[in-house]
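Q: next comes the sequence, and after it the predicted model I'd like to discuss.
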Amino acid sequence: MGIRPFVESQDLLDQPTALRNRLNEDGYLFFRNLIDREPLQNLLIEILNICKKYGWLLEGSDLLARKGKSDAYSGYFEFTDVYSEIQKLENFHLLANHPKIISTLSGIWGGHVFPHPRNIARITLPGSSKKTTPSHQDYVFIQGSQEFHTVWFPLSDCPKELGGLLVARNSHKAGILPTQEAEGTGGLCAVVDDEAQEWLSTDFQLGDVIIFHSLTVHKAYPNITDELLRVSCDFRYQAMNEPVVVWDTLRPHMQLHSWEEIYSDWARDDLKYYWHKYKLQVVPVLEPGDVPPT
Ligand SMILES: O=C(O)CCC(=O)C(=O)O
């Protein structure tokens, strides 16, 4: 089966019931131009400046050209130097609370939205096919309520060859799939017949956003460009009537810092420890063989 384009949902933004029905049916919603470009570009510049500081960019090229070295890091430690600085960026965490994301989700869910604080940024180096994200369900990695959703968007235009995201329509209805070890981000893939899935994707433009259910199977295209960095964010949200989370959800991604360290240079206070004001139900991580809550 060929890869078809996402159905675009921006025309339904003022029809939350139609959006909810489409999300329940397809397992995803794709919006062109949902977020204004300015905060995305500003964050990209902050991230690229960190990349530049650690020698990840090709010398002499303009910052926004995003020309990166394919061998910028060879292991965990070089990667964590860069990522730990990204995790401290106030604008990165602020973006997860972007009013357009929150209002879209609260419209769909008809109530308060809880943004997980464990925000993720990704930098995919040019020609790094082996590190490409394999087919998986986020629930396996995140756990807690099965009703959380992921919001993914690139911080530049992201055509397929740069490593856009693919989503398997309707795959959220198959329950939690078994996993096996795999190359690429996360190190685990869903055991699923890739050929039988109804894969959808697009050439993402800056400002486009995809939202998908915790059980929706998705994967990335490899970044097959010679010299471009693919920079993206993925954030997670659940409705407040789904208050179950695991501890990890309340910790910084990869736990390279404490929240206190992350907050050390922030100008504003309102986002610090904001989850303390939510009534969450924190549950243990499930071990293999445990039965997940439905
Ligand atoms: O950006 C990627 O390569 C993977 C993103 C992903 O799997 C997610 O957002 O859950």
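A: Thanks, I have it.
Q: how far away is the residue lying farthest from the centre of the chain from Gly107?
A: Taking Cα atoms, centre = their mean as the measure, the residue most remote from the mean C-alpha position of the chain is Gly60, 30.5 Å away. From Gly60 over to Gly107 the distance is 46 Å, taken as Cβ to Cβ, to the nearest Å. The way it works is simple: take the backbone N, C-alpha and C, and place the C-beta from them, glycine included.
Q: quick one: mean pLDDT over stretch 90-98.
A: For stretch 90-98, the mean per-residue pLDDT is 98.
Q: tell me the buried residues in that stretch?
A: Of the residues in stretch 90-98, those with enough neighbours to count as buried (16 or more other Cβ atoms under 10 Å) are Glu90, Phe92, His93, Leu94, Leu95, Ala96, Asn97, His98.
Q: spatially nearest residue to the fourth one (excluding sequence neighbours)?
A: Pointing back at Leu94 there. Here the nearest residue to Leu94 in space, its sequence neighbours aside, is Leu271; by Cβ to Cβ, 6 or more residues apart in numbering that works out to 6.6 Å.
Q: at which residues are the strands of this structure located?
A: Secondary structure of the chain (DSSP state E): strands at 4-5, 28-31, 113-115, 120-124, 149-154, 165-168, 179-181, 188-190, 199-201, 209-213, 218-220, 230-239, 244-246, 281-283.
Q: number of residues surrounding Cys51?
A: Neighbouring residues of Cys51 were enumerated by other Cβ atoms under 10 Å; the total is 22.
Q: what sits against it?
A: By Cβ atoms under 8 Å, 6 or more residues apart in numbering, the contact list for Cys51 reads Leu57, Gly68, Ala72, Val82, Ile123, Leu229.
Q: surely Gln72 and Lys52 touch.
A: One correction, residue 72 is Ala, not Gln. No. In terms of Cβ atoms under 8 Å, Ala72 does not count as a neighbour of Lys52; the distance is 10.8 Å.
Q: and of the contacts of Cys51, the nearest to Ser258?
A: Closest to Ser258 out of the contacts of Cys51 is Val82 (18.9 Å), distances taken as Cβ to Cβ.
Q: so what's the residue count around the closest one?
A: For Val82, the tally of surrounding residues (other Cβ under 10 Å) stands at 20.
Q: which non-adjacent residue is nearest it?
A: Closest to Val82 by Cβ to Cβ, 6+ apart is Tyr54, at 5.2 Å.
Q: hang on, isn't that neighbour packed against Phe77?
A: No. Taking contacts as Cβ under 8 Å, Tyr54 lies outside contact range of Phe77: 11.3 Å.
Q: these two: who's more crowded?
A: Each of Tyr54 and Phe77 had its neighbours counted (other Cβ under 10 Å), and the higher figure belongs to Tyr54 (14 against 8).
Q: show the pLDDT at that one.
A: Looking at Tyr54, the pLDDT reads 95.
Q: quick one on the thing from earlier: kindly reformat the strands of the chain as TSV containing mean pLDDT and distance to His253.
A: Supplementary listing: those in TSV, determined by pLDDT from 0 to 100; distance: least, Cβ to Cβ, whole Å:
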stretch	mean pLDDT	distance to His253
strand 4-5	98	30
strand 28-31	98	22
strand 113-115	97	13
strand 120-124	97	5
strand 149-154	98	13
strand 165-168	98	18
strand 179-181	91	20
strand 188-190	90	17
strand 199-201	98	25
strand 209-213	98	18
strand 218-220	96	17
strand 230-239	98	10
strand 244-246	96	14
strand 281-283	94	17
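Q: who's in contact with stretch 79-87?
A: Identification of contacts with stretch 79-87 by Cβ under 8 Å, 6+ apart yields 47, 50-51, 53-54, 56, 73, 92, 121, 123, 252-254, 256-257, 262.
Q: stretch 97-104 now?
A: Applying Cβ under 8 Å, 6+ apart, the contact partners of stretch 97-104 are 13, 19, 31, 34-36, 39, 113, 115, 151, 209, 211, 235, 237, 271.
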